[in-house]
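1. here is a sequence with its predicted model. Questions after.
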Amino acid sequence: MWDQQSFSALCALARERINSGALPRCKALYEYIAHGSGKVCALCSKQIGTRDMESEALYESDPACLFHIACFDAWSHERRALSPGP
Ligand SMILES: [Zn+2]
């Protein structure tokens, strides 16, 4: 699993990607956790293996984002830090 240092690194990456517009800043309409589908994580760009769990963030208009659980946490953390509110 990710240690604290990796989590900080993921948060830094998430912040960068949110600021550059690569990742959404607003809260997803729906969030799911499911078994990995072998797709690529929207944050770390590594494959989410079928033995891993993945988090899926769905938006009304934008394409869905898939994350590792830890990457999703880092993204959520940075999202909340950048835009206070719900
Ligand atoms: Zn990831």
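-> Arrived safely. Residues are numbered from 1 along each chain as shown.

2. doesn't residue 22 belong to a strand?
-> No - assigned with DSSP: H, G, I helix; E, B strand; the rest coil, residue 22 falls outside any strand and is coil.

3. residues near the nearest residue to residue 71 once chain neighbours are set aside, how many?
-> Of all residues not flanking residue 71 in the chain, residue 43 sits nearest, at 3.8 Å (Cβ to Cβ, 6 or more residues apart in numbering). All C-beta spots, glycine's among them, are computed from the backbone N, C-alpha and C. Residue 43: 25 surrounding residues under other Cβ atoms under 10 Å.

4. now residue 43: how far from the ion?
-> Remark: distance between residue 43 and the ion (Cβ to the ion, to the nearest Å) = 5 Å.

5. could you do residue 57 as well?
-> With Cβ to the ion as the criterion, residue 57 and the ion are 13 Å apart.

6. same question, residue 75
-> 9 Å.
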